[in-house]
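Student: I would like the atomic coordinates for the input below:
(5 chains, ligands or ions: 5)
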Amino acid sequence: MVERTPIFNAICQIVLFIGLLTVLLPFVIVIVAATHDIRAVNTVPMSMVPGSELFTNLHEAWVRADLGRKLLNSFLFAGTVAAGKVLLSSMAAFAIVYFRFPGRMLMFWLIFITLMLPLEVRIVPTYAVAANALAPFQAILNITGITWLIQTVSGLQVKLEWGLLNSYTGLILPLVATATGTFLYRQFYLTVPDELAEAAKMDGSGPVRFFVDILFPLSKPNMIALFTIMFVWSWNQYLWPMLITTDPNFGIAVTQLKHLIPSEFGLPDWNVAMAGTLIIMAPPLIVVILMQRWFVRGLISTEK
Amino acid sequence: MSSIAIKGVKKAYAKNAVVHGVDLEIATGEFIVILGPSGCGKSTLLRMIAGLEDISGGEIWIDGKLVNKMEPRARGCAMVFQNYALYPHMTVAENIGYALKVAGVPKAERMKRVAATAKVVGLEAFLDRRPAALSGGQRQRVAMGRAIVREPKVFLFDEPLSNLDAKLRVAMRAEIRRLHRRLGATSVFVTHDQTEAMTLGDRLVVMNGGRIEQVGTPAEVYNRPATRFVANFVGSPSMNLMEGSIDRHGVFVYDEQRRIPLPGAIDARLVGHKVTLGVRAEAARLVAAGTPGSLPATVDFIEELGAGRVVHTDFDGLSFAVALSDPAAFETGDTVGVMIDPADVHLFSAESGARINALAQLPPVPVAS
Amino acid sequence: MSSIAIKGVKKAYAKNAVVHGVDLEIATGEFIVILGPSGCGKSTLLRMIAGLEDISGGEIWIDGKLVNKMEPRARGCAMVFQNYALYPHMTVAENIGYALKVAGVPKAERMKRVAATAKVVGLEAFLDRRPAALSGGQRQRVAMGRAIVREPKVFLFDEPLSNLDAKLRVAMRAEIRRLHRRLGATSVFVTHDQTEAMTLGDRLVVMNGGRIEQVGTPAEVYNRPATRFVANFVGSPSMNLMEGSIDRHGVFVYDEQRRIPLPGAIDARLVGHKVTLGVRAEAARLVAAGTPGSLPATVDFIEELGAGRVVHTDFDGLSFAVALSDPAAFETGDTVGVMIDPADVHLFSAESGARINALAQLPPVPVAS
Amino acid sequence: DKTKIDFWFGNSGDIAKRVQEQCERFNASQADYEVVCTSQGTYDASLQNTIAAFRAGQQPTIAQVSDAGTLDIMLSGAYYPANKLMTDMGYTVDWKDYFSGIASYYATSKGEMYSFPFNSSTALLYWNKDAFAKIGKDHAPATWEEAAADFKALKAAGYACPLGFNISRDEVWQLGEQFMAVHGEPVATKKNGYEGLDAELTFNKGKWVQFVKDLKGWYDNGEAAIKSKETGQTFVEAFANGDCQVILTSVGDHGNIGRTAKEGMNWDVAMLPVYEGTQRKSSFVGGASLWVLTGKSDAEYKGAAAFFDFIAKPEEALTWSTVTGYIPVRNSGFEYLNEQGFYGKAPYKGRELAISSLTASPADDAAPHGIRLGGLLQIRQEISNGLQAIFIKNEDVQASLDTAADRGNQILRKFEQTYSGKTLP
Amino acid sequence: MEKRATFSSTTIGLLFAAPMLVLIFVFFYWPSGQALYWAFTLEQPWGGGNTWVGLQNFRQLLMDPYYWGAISRSMVFGLGATSIAMGVALLLALFTDREMRGHKAYRSIFIWPYAIAAPALGLAFRFILAPEAGFLSLINQIWPGLWNPALDGTDAMIAVIVAFSWKYIGYNFIFFLSALQSIPRSLIEAAAMDGSGPMRRMWDIQLPLLTPTLFFLLVINITESFQDSFGIVDIMTQGGPARATELMVYKIYFDGFKGLDYSGAAAQSIILMGLVVLLTIVQFRFVERRVHYK
Ligand SMILES: Nc1ncnc2c1ncn2[C@@H]1O[C@H](COP(=O)(O)OP(=O)(O)OP(=O)(O)O)[C@@H](O)[C@H]1O
Ligand SMILES: Nc1ncnc2c1ncn2[C@@H]1O[C@H](COP(=O)(O)OP(=O)(O)OP(=O)(O)O)[C@@H](O)[C@H]1O
Ligand SMILES: O=P(O)(O)OC[C@H](O)CO
Ligand SMILES: [Mg+2]
Ligand SMILES: [Mg+2]
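Tutor: Ligands and ions are numbered 1, 2, ... in the order given. Sure, this is the predicted structure:
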């Protein structure tokens, strides 16, 4: 547009630049701190001139927090959670948007409400369920008397058991069970032209084929956007993984931060802590940077 | 035998009736165009034939089978949508072949049929492209191809040309026409563009407000519109319509200055009744002001059409269009005389809008001032 | 004095030139229509006038002021967008009054002017509605109202009718015409629909590929197209065009069977050169096959238009349309003769596409077979 | 194949590394068992995770529980008492060998040890000799009156932080519980809870109120400063850095401070001061002990017993004390360290004061050698909140401590109600 | 909102929803139900049993002024963090959308904060905001004692709000920018033709058209302010000083998980859940009623 607004432009540029500094500052501090030795990092105030210990610190953090294995676990964990969410959310949203059956709205609300109560709050009972994911069904059988019935009839004691502690499944499943994805997918499906479903019907395809052949592939940008958001979100999960994985073989990277944070009883080697932080925060950052283009596009089509 | 029979079909959305009992028989191989203004229920009717919409009342028969409860895929119809509804993530070949794939046609056979279809619609060179990389006309052809490939008994078109630009619309019209001649399948084509309707249809079905106003060949509909609505809707510029009444002398009275004699003897029962008189723009002539038998008017503006022109005149606020093929000898603001041949007059009941038939068929009578 | 002067204006998007030096003078109060196919740069030119697009080269003057560097709001232009660009969160009244509000017009005065404008565009009853609750035609009117209320020196229209249905498009066309007569503001109207262009413009500007092909009144453009492109683009059905060459006898040779004598003496330099010959559908006549001076053809199909019909004939694969106002005496498949009056022939250089002027002006010469 | 047993502990950082080393030494020392040691980050986390895992039937064999969590597990019935375990597995342990203070913190009223003391500590006063030299002193303050004078002098000598302290939940034990211990004052009635779940908190009634007032006075005069993670530097770091001249902290930090102290800085430790005219009593043991949980196999219990046997060896005590700062938990270990001349060597000198502090009371002293209150962690939080109200919001000392005691009592009552019908073992 | 083209098979529809429904039943509703039960009992932490106490837990909570303090602090935090995170993100998105020099760089970098884990973030901010060692220590050198989140409750609240906001600026920014980019360009141009300058256009056109996004983000930000605040508070302040940053979720976690008072925590969870559901329903009503222009 032929618009000359030099003053306003300057204000914008300044605001954006301050924004940029604000956003980058923490990154810079983490990076600089990761280059210092233990003494320099504890000097008050810390020097912003990078030191020369970056690789030593990175190496030390890598070894100390066993990051090789933990990063691998994190990728597996975050990737599966994100993929699971994408798949289940798209299916649930499909049911909500494309079918008319009684209780459909109730279902939507049942799913939607899960957005609102953080895991932190119901962590203990959730943990108990994770110890035996079939416990609810067992309880239902017990309460309804079916267990008793089976036992009296066949003499068999019904005992459903599926422990998920210290397993990838246990790490992953409870985090898949939330609503954000369903919500986003629903928004997207509502923007898909009706004619597409009708064309598919005319072409002879039923709901399953329509979902598999048309809807799912169509939602690729949304899939990428959701996957990115969820990957980042899962990667950064802290409390649940910390709780559910006591076996270091299943540990993930972020919870390793606590092994890097200097405790009151240890050396204040913030340089190593920050080097570890750097390594641990890099993958989601890289994912966001790589996916950025698709990401914004995916959200545009969901929003409107 | 008729290919499609529609018997008293009704449609209501949650008590809101939008199609009020439509009856229509379509012969095998016929090209039927459903014409009507936006919201009149054209698409709804078409979609009920396709099976995309439940039928609230009446019956639809296709090829002798009652299809009311049949799934879309079982009815043997193919549909071309207004926005084409192409699958954006599939190539042209995949789009065309999708119905075959769903039907489980083996790949080799499928590819053969897709190739054959692509040839018919002239898309051989584009089979690997995605819809996004095609022009409007090409997309339209893919939609056609998708319909053709299934060799359906019936083609259904829902305004398939309305997203194209003017020039392309004319070209695609010709193409659809040619295709129909070649394949000979029964076709139902919905549009609100009367030129499209006129040029395409073997028969037109003019709808309004959920009802059929007239069914007939394009010439019938144009020359003998069954209702005032049809008269107004079909033809460009629209037929000039005037409200008035018939006096004892068999003269149409618009106001004291403007009286138009009507041809033939007037049914006595019509005298004094309110009627609408219609004259097509090309049926009227412009003459010098004051010419006997002419009605006085002023030239409002002139539309140049290249091959002709339309002079919009003004009868004290009522506008009246006259089409001329010769260059106009008048300018905006001139006073002129409008000459109407009683033989070209259409009369409609002001009350019901129905054509009053007797009149136009009688021999012309000299004009009295 | 000219209201808008465009001097050698160019536009390039990142080295990709889309407007290549356009010159145009628009008189105060004139209604100019820019016509051209999609992508030819019409909107770009309009937007440069509006100030929505930077100008890469040349100058634009409005009312005697160089506006190249002027902000859109300072230029005194109002614009009607193709999709209307109504503010969806504002009522009709707020939409219309927004420009006044921005200009700081006090509320009472603003409401008065909005009411007056609403009356002009016939929206008094809808002032409190949001755009979403309006029909297409009503939205279009709001867009017009928004432009009118500011009493601009110049109106710019970017295909404002293309989203309307056929019937409404015709009606809105007349309304715009009337409005222009009433307000008398300079107007620039962009379209790719030639009927719209013909009926609306005082003068047409036909563009193609970022260049102006012709500027002239609708009649001039229709009757004396300056280039083959214009000949083909303007008129419906399109002008019939044939490639051939001119032989020494002053005869256009298409192939051995089909030779068309040309009127008048032929410039010797043209002999043997490739030319394009054009004949409008309504300039040709159909006669019985074998009529002397006629060219043999078969009837391909007939388009019924109500007020007339177009017979599409086939010259061994080359299609040729003939417009008839009387009912056709032929049927599809019949062999007929096409009669061309040399006086109605247009000739264009096959190389440059430019009109070869000398010919058509000469008096007609009897046809030799 | 080796029997694997899980051991969850709460230490992190350097100490966690030392625990791992100990585990490795055990694994290398024999072929039958493999102990898998996992740090849960903090003492709290170790307890919480253990409980969660126990509820889920996935508990480790051995769990470390800090001093403050002792009663929470003692009433659970979820453990295999240490003494019974050792007997059942065929080990004879001389339970009398444990320092009595340590033993009584973890034993029942009948003196049965239900858990194994592991990393034991107590609070000491750390002082900067260089700074004290500047004010002409060569010894640490033995009384709070003396300390008050020293703080004033240090302040006058230009030191910004004569006393560094913190009042977070994890750092009130040395200021409160240990103060009351060495002054022989009760934290709660019923012998600090040893005699019943219906104990009531009394810390708001004795000398401690005066101490808090004094501390507040020093703080207001700039003679004492709060140092925490939140201010950018913990008081331990501040001491090591030479920024604070006196701190009270666990002997467990002795090793750490030694490693991180500013180069050339001279520092030493002393027992916690007492008010003049008070007879010094034993301080309480800090740190944590190891509990064995129920629901495991015999083989696992054998492994656990073997592990306990291993870490009780005097050589292990030596290594452990050397690398951390924690004290040996048994007389025999202490003697062994003495024989090795450990307490004479430069970096370790002074750590023997922890033992002296823990054993300061006469042997026949009737005062309880620990605290046995349910929800002690929450009570510490209430104390911390009370202190924060005093130090940060300048609220009245007595009123704030009364509130803290009140809320603490509510916790105790809820605990009592939760375990209604149960009695202390 | 409703689809015209739907499928009629209820069974298939339910099958599609089933995996999600089973998961939320097992991992959400069942545990939440358990919490609900605990709220009316005194549950022994080691699972040894419980006693029914009716409404006692709720009564105690509602009579505890500190609990009310946590509620009001949560509100302050939620509103403060949400308005900063959304306000700043909106401003940055509006300015970035103007596509001035460097906008591509801004567009990518402003998204970065979202990628950072709350604990890592808490660490970095603890470092930055520490009154003596951090970068704000400069402020204290000029005005001693002005900034001290360790000892000043207000400063501490500001610190956690800033840290949380910083992270959510990135998240909000993406959504705002996408929403801005889907506003038809012609609307902005029409406003420019109507004489409206860039700032005025933001206010008159872009902002009103962003309202659906604004409300969507409001829901997300507030719910996230409950969740993600946990990691930040835990690492930065642990609820201190003097309870100044003790938020509802933190208190639930602390009382229940650290303090082993499962029942008290369960009762708090129930109250919190009620509150959030209420908040969301109010917001939804508002969204449905006022925000849709189509
Ligand atoms: N799903 C629906 N629910 C309620 N009313 C509907 C629905 N679909 C269509 N209608 C109404 O039914 C009437 C007929 O709609 P229909 O789509 O058949 O019109 P149309 O003739 O195809 O118009 P157009 O030319 O605009 O496509 C309209 O008034 C429309 O508002
Ligand atoms: N922002 C842009 N960047 C690059 N190229 C552009 C841009 N805008 C338009 N163009 C190109 O400039 C050419 C002219 O575009 P313009 O919009 O003026 O066409 P038009 O004549 O208005 O077409 P239509 O009838 O389809 O609106 C097109 O080839 C188009 O692709
Ligand atoms: O620092 P520690 O390990 O001695 O333990 C300190 C306290 O006793 C913990 O409650
Ligand atoms: Mg329709
Ligand atoms: Mg354009």
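Student: quick one: residues contacting residue 41.
Tutor: Because you didn't say which chain, this covers chain A. Shown in contact with A:V41 (C-beta atoms under 8 Å, 6 or more residues apart in numbering or on different chains): A:33, A:269-271, A:274. In this view, the C-beta of every residue, glycine as well, is placed from N, C-alpha and C.
Student: actually, chain E is the one I wanted.
Tutor: By C-beta under 8 Å, 6+ apart, the neighbours of E:T41 are E:50-53, E:263.
Student: measure D:V36 to D:A52 for me?
Tutor: To D:A52, D:V36 is 18 Å away according to C-beta to C-beta, to the nearest Å.
Student: compare those two (neighbour count), which wins?
Tutor: More crowded of D:V36 and D:A52, by other C-beta atoms under 10 Å in any protein chain shown: D:A52, with 26 against 17.
Student: quick check: bridge partners of the residue nearest the centre of chain D?
Tutor: Nearest to the geometric centre of chain D sits D:G286, at 1.7 Å (C-alpha atoms, centre = their mean). Beta-bridge partners recorded for D:G286 (DSSP bridges): D:S121.
Student: surely it touches D:A123?
Tutor: Yes: counting by C-beta atoms under 8 Å, D:G286 does reach D:A123; the two are 6.7 Å apart.
Student: now do the shared contacts for these two.
Tutor: Residues touching both D:G286 and D:A123 (C-beta under 8 Å, 6+ apart): D:173-174, D:178, D:250.
Student: residue in chain B nearest to chain D?
Tutor: Distance from chain D to each residue of chain B (C-beta to the nearest C-beta) is smallest for B:H89, at 45.1 Å.
Student: which SS class is that residue?
Tutor: Using DSSP: H, G, I helix; E, B strand; the rest coil, the structure places B:H89 in coil.
Student: quick revisit: quick one: contacts for the residue nearest to the centre of chain D?
Tutor: Contact analysis of D:G286 by C-beta under 8 Å, 6+ apart lists D:67, D:120-123, D:173-174, D:178, D:250, D:252.
Student: and it, how close does it get to ligand 2?
Tutor: D:G286 sits 72 Å away from ligand 2 when distances are taken as C-beta to the nearest ligand atom, to the nearest Å.
Student: can you check B:S135 too?
Tutor: Here B:S135 is placed at a distance of 11 Å from ligand 2 (C-beta to the nearest ligand atom).
Student: over to A:T228?
Tutor: Between A:T228 and ligand 2 the computed distance is 28 Å (C-beta to the nearest ligand atom).
Student: you'd agree that residue is in a strand?
Tutor: No: counting by three-state DSSP, one finds A:T228 to be helix, located in no strand.
Student: is chain E contacted by stretch B:85-95?
Tutor: No: Stretch B:85-95 is not in contact with chain E by C-beta under 8 Å from any C-beta of the partner chain; minimum separation 10.2 Å.
Student: and the contacts of that stretch?
Tutor: Against stretch B:85-95 from outside (C-beta under 8 Å, 6+ apart): A:193, A:195-196, A:198-200, A:213-214, A:217-218, A:220, B:98, B:101, B:111, B:114, B:118, B:123, B:126-132, B:134, B:139, B:142-143, B:145-146.
Student: which among the residues you listed count as buried?
Tutor: A:195-196, A:198-200, A:213-214, A:218, B:98, B:101, B:114, B:118, B:123, B:126-127, B:130-131, B:134, B:139, B:142-143, B:145-146 (16 or more other C-beta atoms under 10 Å in any protein chain shown).
Student: how about chain B: which residue is closest to ligand 2?
Tutor: Among all residues of chain B, B:D165 sits closest to ligand 2, at 7.5 Å; criterion: C-beta to the nearest ligand atom.
Student: tell me how many other residues crowd the closest residue to that residue other than its chain neighbours.
Tutor: Of all residues not flanking B:D165 in the chain, C:H192 sits nearest, at 5.6 Å (C-beta to C-beta, 6 or more residues apart in numbering or on different chains). Using other C-beta under 10 Å, C:H192 has 22 other residues around it.
Student: correct me, but C:H192 touches C:S38?
Tutor: Yes: between C:H192 and C:S38 there is a contact under C-beta under 8 Å: 5.9 Å.
Student: what residues does the stretch 51-200 of chain E put near chain C?
Tutor: Checking the stretch 51-200 of chain E against chain C by C-beta under 8 Å from any C-beta, the hits are E:184, E:186-187, E:189-197, E:200.
Student: at 6 Å what do you get?
Tutor: Residues of the stretch 51-200 of chain E found near chain C (C-beta under 6 Å from any C-beta of the partner chain) are E:186-187, E:189-190, E:192-196.
Student: filter these down to the ones in helices?
Tutor: Of the positions in those, E:186-187, E:189-190, E:192-193 sit in helices, assigned by DSSP state H.
Student: shaky segments in the stretch 151-300 of chain B?
Tutor: Scanning the stretch 151-300 of chain B with the threshold set as pLDDT under 70 gives B:250, B:256-257, B:263-269.
Student: circling back: most neighbours, which of the shared contacts of D:G286 and D:A123?
Tutor: Counting by other C-beta under 10 Å, top hit in these: D:S250 with 25 neighbours.
Student: the residue nearest to it when sequence neighbours are not counted: neighbouring residues, count only.
Tutor: Once flanking residues are discounted, D:S250 sits nearest to D:S121: 4.3 Å by C-beta to C-beta, 6+ apart. Residues near D:S121, counting by other C-beta under 10 Å, number 27.
Student: show the pLDDT at D:S121.
Tutor: pLDDT recorded at D:S121 is 89.
Student: before we move on, the earlier item: from the residues of the stretch 51-200 of chain E next to chain C, which two are the most distant?
Tutor: Maximum pairwise distance among those (C-beta to C-beta): 16.1 Å, between E:S186 and E:G195.
Student: in three-state terms, how would the closest residue to chain E within chain B be classified?
Tutor: Chain E sits closest to B:L52 of chain B, with a gap of 7.1 Å, by C-beta to the nearest C-beta. Here B:L52 is recorded as coil under three-state DSSP.
Student: tell me who's in contact with the residue of chain D found nearest chain C.
Tutor: Chain C sits closest to D:E230 of chain D, with a gap of 46.1 Å, by C-beta to the nearest C-beta. By C-beta atoms under 6 Å, 6 or more residues apart in numbering or on different chains, D:E230 lies in contact with E:A150.
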